[in-house]
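1. Everything below, folded, please.
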Amino acid sequence: PPRSTLFPYTTLFRSIERRLGHSLAEAPLTGEERARIYEVVDVPSQFHGHTPEDERKIVLSARVGFVVLSESRAMILVRSPLLYCGGAGGNCQFWLFERQHGSLKLVLATEGNGFIARDSVHHGVHDLAVAFHVGSGETSFTVYRWSGSAYEPSDCYLAKSDSANPKSPPALRDCPVIPQ
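-> Sure thing, here's the model as predicted:
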């Protein structure tokens, strides 16, 4: 796919927050859907030192939004609580769920700081590019394609900004390994 479809990425970082308009506690979900998301987001290793009640409050503060990635599918996007997003890069855990036959199926689990719904489509569903802050002026973009039942990684690019020339577009190169 053409790399130019990954940019400009300045709006990507701002747009995701508008889509995550609810906390898990307040999102318009059924009790069963909320319990399924809670089960996935509640990773015990990240709550070391918290009481069970504090852990519950933190998990319920995860942000939830709804995204349309095809004409027939609305998916539920969940971002980990901000407390557990990584440092200055703002990388967070993200989960994407699809409603199937009255229950939620996890179709993507990844980390990053932004999503791009690409123009390209596989099996009727838009491909995604997930941005991940790597380091000073460097961001990776992993491209995920719909396999018919879940998102699978298909490509990866690294974008490196030139600090000496901030108005120039970032230099792009392939990732050494496509993240799994």
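2. from here on, contacts and neighbour counts on C-alpha atoms
-> OK.
3. how long is stretch 57-65 end to end?
-> With CA to CA, to the nearest Å as the measure, stretch 57-65 spans 18 Å from end to end.
4. quick one: average pLDDT of it?
-> For stretch 57-65, the mean pLDDT works out to 86.
5. got the buried residues for it?
-> 58-65 (16 or more other CA atoms under 10 Å).
6. Would you reformat the residues you listed as TSV and include distance to Leu77 and secondary structure?
-> Putting these into TSV (distance: CA to CA, whole Å; DSSP: H, G, I helix; E, B strand; the rest coil) gives the following:
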residue	distance to Leu77	secondary structure
Ile58	17	helix
Val59	15	helix
Leu60	14	helix
Ser61	14	coil
Ala62	10	coil
Arg63	8	strand
Val64	6	strand
Gly65	5	strand
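7. Which pair in these has the greatest spatial separation?
-> Ile58 and Gly65 (17.2 Å; CA to CA).
8. any chance of the buried residues of stretch 57-65 in CSV, with distance to Glu152 too?
-> Converted to CSV, those look like this (distance: CA to CA, whole Å):
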residue, distance to Glu152
Ile58, 29
Val59, 26
Leu60, 28
Ser61, 28
Ala62, 24
Arg63, 23
Val64, 22
Gly65, 21
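9. Look at the residue nearest the centre of the chain and report its pLDDT.
-> Among the residues of the chain, the one closest to the centroid is Phe94, at 4.1 Å (CA atoms, centre = their mean). We have a pLDDT of 87 for Phe94.
10. Please confirm that it is located within a strand.
-> Yes - counting by DSSP: H, G, I helix; E, B strand; the rest coil, one finds Phe94 located in a strand.
11. what pairs with it across the strands?
-> Beta-bridge partners for Phe94, by DSSP bridges, are Arg79, Thr110.
12. doesn't Gly114 make contact with it?
-> No - between Phe94 and Gly114 there is no contact under CA atoms under 8 Å: 9.3 Å.
13. tell me what the host helix or strand of Leu106 is packed against?
-> Leu106 belongs to strand 103-112 when assigned by DSSP states H and E. Secondary-structure packing of strand 103-112 (3 or more CA pairs under 8 Å, 6 or more residues apart in numbering; DSSP states H and E): helix 31-41, strand 92-100, strand 125-135, strand 151-160.
14. Let me see the residues that make contact with it.
-> Applying CA atoms under 8 Å, 6 or more residues apart in numbering, the contact partners of strand 103-112 are 32-33, 36, 90-99, 130-133, 149-152.
15. what's the offset of it from the middle of its chain?
-> How far strand 103-112 lies from its chain's middle: 9 Å, per CA atoms, centre = their mean, to the nearest Å.
16. One more: stretch 108-119?
-> 4 Å.
17. ok, now stretch 56-67?
-> 13 Å.
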